[in-house]
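1. structure, please.
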Amino acid sequence: MDRYEVLELGPLEAWDALTTPDGRSGKGFVDKMIGTQYIGLSANAVEPGAESPFWHSHSHLEEIYLFLDGEGQMALDDDVVDVRPGTVVRVGQDVLRIIRCSPDSERPMRYVCIRAGNGELASLPRDATRDGERPRPW
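-> Numbers count the residues shown, from 1 in each chain. From the prediction side, this is the model:
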């Protein structure tokens, strides 16, 4: 692994054009673009009124969400917390989570999600569990 790499994601407004390998827009796995070893990072953009496509949890990974722009809510199991620029949320293992940008948010929500586990990311199992049936709390 190189000692360092530089990646330009562009201004927050450019994050709307990021896409996942399966074609979802508004999300880019930075760790795939830059080749991290222990830390995962995604850059995310959510338009007002839109939300994550599904609830999910991780059995091995811990995540930190840092909200940079827009306003909304993050549901964590049975709790809902308001999020805005400067909000930081740590999510431990096995906690279901889903995010939405409030319909009345003046700006799209943009945030980064940092994830790490006990060891190199590549050696950890794919531990995301989706719950597509759980109803949204809003």
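2. just checking, what packs against the least confident helix or strand in the chain by mean pLDDT?
-> The weakest-scoring helix or strand in the chain, judged by mean pLDDT, DSSP states H and E, is strand 128-131 (a mean of 84). Applying 3 or more Cβ pairs under 8 Å, 6 or more residues apart in numbering; DSSP states H and E, one finds that strand 128-131 contacts strand 55-58. Heads up, the C-betas are built off the backbone N, CA and C, glycines and all.
3. and the next helix or strand past the strand it packs on?
-> Following strand 55-58 in sequence order, the next helix or strand is strand 62-69 (DSSP states H and E).
4. output the contacting helices and strands for that next one.
-> strand 88-91, strand 109-116.
5. so which of those strands gets nearest R3?
-> strand 109-116 (19.7 Å; Cβ to Cβ).
6. report the buried residues of the closest one.
-> For strand 109-116, a neighbour-count test (16 or more other Cβ atoms under 10 Å) marks 109-116 as buried.
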